[in-house]
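Chemist: Sequence first, then the predicted structure, then my questions.
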Amino acid sequence: MATDEHLDVRGLSCPQPVMLLKNALGSHTVFPLTVLTDSKVAVENMKRLLQSMKLQCQVTEQHGGFIITVTKEV
Amino acid sequence: MVYTGGDNLDKKRILISGLLLGFLGVVLVRFGNPANMGVCVACFVRDVAGGLGFHRAAPVQYLRPEISGFILGSFIIALITGEFRTRGGSSPLLRFFMGMAVMIGALVFLGCPLRMVLRLAAGDFNALVGLGGFVFGIYIGVQFLRHGFTLGRSVVQGEANGLVLPAASLVLLGLVAAAPVFIYFSESGPGAARAPLLISLAAGLLIGVTVQRSRLCQAGCFRDLLLIGDTYLLYGSLGIFLAALVANLAFGYFTLGFSGQPVAHTDGLWNFIGLAVVGLGATLLGGCPLRQTVMAGEGDADAGMVILGLLFGAAVAHNFGLAASPAGVSLAGKTGVLVAAAFLVAVGTAFSLPEIRRLRKGGVTYGH
C-alpha cells in the first residue's frame, strides 16, 4: 500500500493532531513529511513533539491554515 | 521560518498564567467570592443558570461576571492576535450532552478541576480523592483516544457562529449590572458571596486573556503526560496550586483535613466518581471546562455547545436534586452521576469502534 507522506489533521480536537503525527513518525517514515492543520494550538503542540524527537520543521501559513514540513536533521 | 527549538511559547509562560490564575482564585475570595471558590467554571455556570431562573435552588443564583470575563477575555485577545476563527460541526449535539454529563459529575464533587486545585491548595483532602478520580477518568479517556476516538472534524463556519457566545456574555453582563426583576440574586448561601462586579469582571477578563495565550488546560495536563509524556500543560496546574497555596497561607484560609471544609462533602467514593466523570468527559471533549470557555471565545462553536450543555446540566442537576451539598450526595445524585458515566463510556466506545474493527482486520489505521 502506497504511503502518502502527508497528514491532514485539520479540524481535529486536542490531542488528536499530535497523536496522529506521533503515529506517523516511525522507522518507515518518508521525509519530508507534510502536515496540514488549521489550528495554531496544534502547530505549537506538534512543534513541541518534534522538538522532543529531535526533528526539524518548517511552518508556512497559507489561507488561514498551516503547512508543517517535517525533516530529519540536516 | 525554520524552527530549530527555543520556541517562544515556553514553560515559563504557562507557569505564569497558572500562578496568576491561582492567585486570583484566592484574592477573589478575599473580595467576597465563596470560600475555596474564588473561581470555578462549573459552580459559576451553575450560578448563572440559577440567576437566569433555569433552576430554583435559591442559594446558588448569580450571573457570575467571571464567566463572561473568561469568554470575552479570550475573544478580545484572539481578535488581536488573529487567532479568532469560527469553526464547528464536530458532533455539536453530542458535545451538548457530554457537557451536561461533565456538569453532573462536577456538581457531585462540588467543583470543576480548577476548584479541585484551589481546594487542594486550601488543605481540603477531599479534593485529593477527587484528583485521584480525575486522573482515573482521564486515563479511561486516553484509552479511548488510543483506540482512535474522535468526535469528527470541525470545519470553518460563518463568523456569526463564533460571535454568539461572546455576544451572550455581554448580554449577561448587561443583565447583572442592570439587575432587572426577572434576574435572580441569592440572598444567602454561596450565590450571595460575591466580589464586587467590576473586580470579578476584571479578574475574569485577565484570566481569559492569559489562559488563551498559554493554552492552559487541566484535563490536557494529565492527558498529555499519560499519552505522550509532554509536561508542558502540567506547569499550568502546578502554577495554580503553588500560587493558591501561598495566598491561602497568607490570608489564613488554609485548614488541613477532610471535615468542615467549605462547600465540600466527605463522601470519598462519590468525590472520586464525580471527578472521574469530569476527567473522562473533558478528555473526550478535548479540554477542561475552563478551556472550553476559552475556546468558545476564540470562535469554537463546538466548545460553545459544551458551555450550553454545562448550563443545561446545572439546571437539570438542581431541578432533580442531583447536585451534592455539604451534607453529602443524594440517591438521585449517585444515580445521575452513574448514568453520566455510562453515557460517556458509551460515547467513547461508539466513536472508537470503527477504528477497533479496522485494527482487527489488520489495516492501516491512521492518516486517512
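Modeler: Okay, I see it.
Chemist: Could you use CA atoms for every contact and neighbour count after this?
Modeler: OK.
Chemist: Around residue 38, count how many other residues there are.
Modeler: All of this is about chain A. If you count neighbours by other Cα atoms under 10 Å in any protein chain shown, A:Asp38 ends up with 22.
Chemist: nope, chain B please
Modeler: For B:Gly38, using other Cα under 10 Å, the count is 28.
Chemist: From A:Glu73, how far off is it?
Modeler: When distance is defined by Cα to Cα, to the nearest Å, B:Gly38 is 48 Å away from A:Glu73.
Chemist: Quick one: name the residues of the stretch 51-200 of chain B near chain A.
Modeler: Contact residues (Cα under 8 Å from any Cα of the partner chain) of the stretch 51-200 of chain B with chain A: B:Glu83, B:Leu145, B:Thr150, B:Gly152, B:Arg153, B:Ser154, B:Val155.
Chemist: Would you list the phi and psi of the first one?
Modeler: With angles defined as degrees, to the nearest 10, B:Glu83 shows backbone torsions of phi -90, psi 0.
Chemist: Was I right to think it contacts A:Lys40?
Modeler: Yes - if you go by Cα atoms under 8 Å, B:Glu83 and A:Lys40 touch, sitting 7.5 Å apart.
Chemist: who's more crowded, these two?
Modeler: Counted by other Cα under 10 Å, B:Glu83 and A:Lys40 do not tie: B:Glu83 has more neighbours, with 19 against 14.
Chemist: and the closest residue to that one other than its chain neighbours, how many neighbours does it have?
Modeler: Using Cα to Cα, 6 or more residues apart in numbering or on different chains and skipping the chain neighbours, the partner closest in space to B:Glu83 is B:Glu298 (6.8 Å). Using other Cα under 10 Å, B:Glu298 has 31 neighbouring residues.
Chemist: Same check on B:Ala327?
Modeler: B:Ala327 has 11 nearby residues by other Cα under 10 Å.
Chemist: in the sheet, who's paired with the residue nearest the centre of chain A?
Modeler: Closest to where the C-alpha atoms of chain A average out (Cα atoms, centre = their mean) is A:Val35, at 4.1 Å. Taking DSSP bridges as the rule, A:Val35 bridges to A:Leu7, A:Ile68.
Chemist: thought it was touching A:Gly65?
Modeler: No - applying Cα under 8 Å, one finds A:Val35 not in contact with A:Gly65, separated by 10.6 Å.
Chemist: so who does residue 72 touch?
Modeler: You didn't pick a chain, so chain A it is. Applying Cα atoms under 8 Å, 6 or more residues apart in numbering or on different chains to A:Lys72 gives the contacts A:Phe31, A:Pro32, A:Leu55, A:Gln56.
Chemist: I was after chain B.
Modeler: B:Leu72 sits in contact with B:Pro166, B:Ser169, B:Leu170, B:Leu205, B:Gly208, B:Gly297, where contact means Cα under 8 Å, 6+ apart.
Chemist: From these, pick the one nearest chain A.
Modeler: When the contacts of B:Leu72 are ranked by distance to chain A (Cα to the nearest Cα), B:Gly297 comes first, at 14.5 Å.
Chemist: Which phi and psi values does that closest one adopt?
Modeler: Per degrees, to the nearest 10, the backbone of B:Gly297 is at phi -70, psi -30.
Chemist: which is the next helix or strand following the helix ranked longest in chain A?
Modeler: The residue-count maximum for a helix in chain A (DSSP state H) belongs to helix A:40-52. Sequence-wise, the next helix or strand downstream of helix A:40-52 (DSSP states H and E) is strand A:56-62.
Chemist: what packs against the helix or strand harbouring B:Leu128?
Modeler: Using DSSP H and E, B:Leu128 sits in helix B:126-146. Counting by 3 or more Cα pairs under 8 Å, 6 or more residues apart in numbering or on different chains; DSSP states H and E, the packing neighbours recorded for helix B:126-146 are helix B:113-120, helix B:218-228, helix B:268-285, helix B:331-361.
Chemist: List the buried residues in it.
Modeler: B:126-131, B:133-142, B:144-145 (16 or more other Cα atoms under 10 Å in any protein chain shown).
Chemist: What residues does the residue of chain A found nearest chain B make contact with?
Modeler: Scanning chain A for the residue nearest chain B gives A:Gly11, at 4.3 Å (criterion: Cα to the nearest Cα). Counting by Cα under 8 Å, 6+ apart, A:Gly11 touches A:Thr37, A:Asp38, A:Ser39, B:Gly152, B:Arg153, B:Ser154, B:Val155.
Chemist: Setting aside sequence neighbours, what's the nearest residue to the second one?
Modeler: Right, A:Asp38. Per Cα to Cα, 6+ apart, closest to A:Asp38 is A:Gly65, 4.2 Å.
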